[in-house]
Structure formats: C-alpha cells, structure tokens
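Chemist: Only the shape, not the letters, is given here:
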C-alpha cells in the first residue's frame, strides 16, 4: 500500500475537487438541463456530487477517523456570540474585496441571486447558505485543512484559503473567498470544531441572501448598480475607498475577537479538565491526533512538519484554474 503524506493527500483531494467540478460540469450539467432540472436543484446536486461524494471516497480510501478529521467537537454559547460579531465584521472586508474584483470581473453571484429571486426566502437560504455551509466546510476546513495539521496556523490558513478561493471557479469571488478561507481556518484551529465555521459560513451566506432579497426589492437599486458598473475603473475604485477604510478597522477588530475566542476556548478546555478529568488535544497545537489511525505511522513528526506545501498536485491545480479562468473570461 502506498502511504501518502498528509499535505500531499490534502492537495490531491483539492485537485480532484477542482478538476471534478470543471470536467463534471461539462459532462453532467447538460444532462441535468436536458432533464429540465431547476437551477436550485442543479446547485444542490453539484454541491453533493463534487464535494460530498469525493469526501466520502476520501474517507473510504484513507480510512481516517471522520470525527478527528472533520473536528466534530461542540462549541459553547459564548463562542457562538463571538463568532456572530466576527461574521458581521467580515462583511465590510468581503464587500471591499468583492468590489475590487467587480472592477475586473463580472459579478456572476449577483446574477445568480437575481435568477433565484422568485424562490421563497427559506428555500433560497437552504440552497445558498445551508448547503455550502455543510458541503464546502467538510471539504475545505475538514479534509483539506486537516492535511496541514503539522503546519503553523498561518501557513495552513493561507494555503487552505487560497484553495478555497480556487474551488469557487469564479475570479470575482476569489479575493473575498481567499480572505474568508483564512479567517475560517483560524477559527477551526482556535475552536477545534468544524461546527464553528459551518455556523459562520451559514450566517455569512444567509445574511447575504436576506440582504440581497431586500435590496433587489428597493426601487432604483438595480439601476444604480448598473450605473456604477458602467463607470470607469478609477471611479469604481474611488467609490470603494470609504468601504476600504471600514474594512481595515474591521480586520483589526476581528484579530482582537480571535484572541478573545482563543481565550474562551482555553477556558472551556480548562473547565473540561477540571470537570471530566481528561483533555482533548487542540488542533492549534498542530497535533496529528489519531490522523488516519496509523496511516502515516512511517513518517516522523519532523519529516511531516518539513513536508512542502507547494507540491505537484497544488501546482497542477493552480495551472488548471488559470487556464480555466482564461478560457472562460478572456
């Protein structure tokens, strides 16, 4: 049996997800359309086929512990309150980065919201918030991030955030998805729970759905948005400066809240030690835990910590993404 190092496994999985979405879309989407499937149904199916199915295959092949890999650990009420504020503060950051991307690329997300506008609000939230919060988190903050467990939080966050930007296959989403990917990686490392980022992901997307639903119903908003898109790139950038200042302030506050989140998590761990007499290892300590139940037993800790993150699967994935973007948008 070929034993793969954790980073290599994570990057191979990410490569499969990216290539699978592109090639699978070419092959399956026309079939789904021929079946007269609605756009919401199509969006749900693609999430399940291209994210959950590869995740299931990953666990079957590697025989890793689902609980340890996905970090299925509960979060406390105090942590949830902090996460709510963090998500609210992430909005100006994502809005600014999305606005910068809009200068150069078409906003396909906005078009998707318009196409789904006829749906009921609960169903829109399910399609745009619940499904991505589950499927994308399992793939990214579950499988991919677990592959970087021997790396520092900064390196793991940057790498997983970069891949998170890529898997959206939309250059307009890349910058803010990259930023959110970094933030979510830190949250998982701090809380040792994927439920934390599932909650954040759901809240971020759900808020976006609600706001978009409300904004689209306001007279003149669509016309004003079209007028802004028709203006010059310099004018669009100038319009973003106030939001950029708010985004910088938000980042400073988010860093403070992440430190507070770590403090509450540490307090929770101490409480568990006192009450239950045992301790679960926080992933922030870069522990492998029961990684793969001995799947990497032939590799030493030093060798794993020195494993390169920029490997062949990652390079292929980046090249594939760049070619795809060039073909689609240029």
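Modeler: Sure, I can see it. Computed from a predicted structure; not experimentally measured.
Chemist: And the next helix or strand past the strand or helix carrying residue 157?
Modeler: Assigned by DSSP states H and E, residue 157 belongs to helix 153-167. Going down the chain from helix 153-167, the next helix or strand is helix 171-191, by DSSP H and E.
Chemist: so how far is that next one off the chain centroid?
Modeler: In terms of CA atoms, centre = their mean, to the nearest Å, the centre of helix 171-191 is set 6 Å apart from its chain centre.
Chemist: Show me how far whichever strand or helix holds residue 103 is from its chain's centre.
Modeler: Following DSSP H and E, one finds residue 103 within helix 77-104. Averaging C-alpha coordinates over helix 77-104 and over its chain gives two centres that are 13 Å apart (CA atoms, centre = their mean).
Chemist: before we move on, the earlier item: go ahead and name everything in contact with the helix holding residue 157.
Modeler: Helix 153-167 is contacted from outside by 14, 17-18, 21, 136, 139-141, 144-145, 148-149, 151, 173-175, 177-186, 189, 284, 286, 309, 317-318, 321, using CB atoms under 8 Å, 6 or more residues apart in numbering. C-betas here are computed from N, CA, C, even on glycine.
Chemist: hmm, try it at 7 Å
Modeler: 14, 17-18, 140, 144-145, 148, 174, 177-178, 181-182, 185-186, 189, 284, 309, 317, 321 (CB atoms under 7 Å, 6 or more residues apart in numbering).
Chemist: coming back round to it: helices or strands next to the helix holding residue 103 in the packing?
Modeler: Contacts defined by 3 or more CB pairs under 7 Å, 6 or more residues apart in numbering; DSSP states H and E place helix 77-104 against helix 171-191, helix 194-216, helix 233-276.
Chemist: For the strand or helix carrying residue 53, list every residue counted as buried.
Modeler: For residue 53, the host element (DSSP H and E) is helix 53-62. Within helix 53-62, the residues that qualify as buried are 54-55, 58-59, 62, counting by 16 or more other CB atoms under 10 Å.
Chemist: next one: stretch 63-76
Modeler: Buried-residue list, stretch 63-76, by 16+ other CB under 10 Å: 64-65, 68-71, 73, 75.
Chemist: tell me the SS of residue 309?
Modeler: coil (DSSP: H, G, I helix; E, B strand; the rest coil).
Chemist: Can you verify my assumption that it contacts residue 7?
Modeler: Yes. Counting by CB atoms under 7 Å, residue 309 does reach residue 7; the two are 5.5 Å apart.
Chemist: Look at those two and report which has more neighbours.
Modeler: Shown here are residue 309 and residue 7; by other CB atoms under 10 Å, residue 7 has more neighbours (24 against 18).
Chemist: Give me the angle between the helix or strand the more buried one falls within and helix 153-167.
Modeler: According to DSSP H and E, residue 7 maps onto helix 6-34. Angle of helix 6-34 versus helix 153-167, following axes from the mean of the first three to the mean of the last three CA atoms, to 10 degrees, is 20 degrees.
Chemist: Just give me how far helix 6-34 sits from the chain centre.
Modeler: 16 Å.
Chemist: tell me what it is packed against?
Modeler: helix 53-62, helix 153-167, helix 312-329.
Chemist: Distance to residue 40 and mean pLDDT for these - can I get that in JSON lines?
Modeler: Shown next, in JSON lines, are the helices and strands packed on helix 6-34 (distance: least, CB to CB, whole Å; pLDDT from 0 to 100):
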{"stretch": "helix 53-62", "distance to residue 40": "19", "mean pLDDT": "96"}
{"stretch": "helix 153-167", "distance to residue 40": "20", "mean pLDDT": "97"}
{"stretch": "helix 312-329", "distance to residue 40": "23", "mean pLDDT": "94"}
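Chemist: Spatially, what comes nearest to residue 325 if we skip its sequence neighbours?
Modeler: Closest residue to residue 325 apart from its sequence neighbours, by CB to CB, 6 or more residues apart in numbering: residue 171 at 5.3 Å.
Chemist: Tell me how many other residues crowd the one you found.
Modeler: The burial count for residue 171: 21, using other CB under 10 Å.
Chemist: For stretch 174-193, the averaged confidence score.
Modeler: For stretch 174-193, mean pLDDT rounds to 97.
Chemist: Not counting its neighbours along the chain, what's nearest residue 20?
Modeler: Leaving aside its chain neighbours, residue 20 sits nearest to residue 50 (5.1 Å; criterion: CB to CB, 6+ apart).
Chemist: Verify the stated contact: the one you found with residue 22.
Modeler: No. With contact defined as CB under 7 Å, residue 50 does not reach residue 22; the gap is 9.4 Å.
Chemist: Brilliant, that's me finished.
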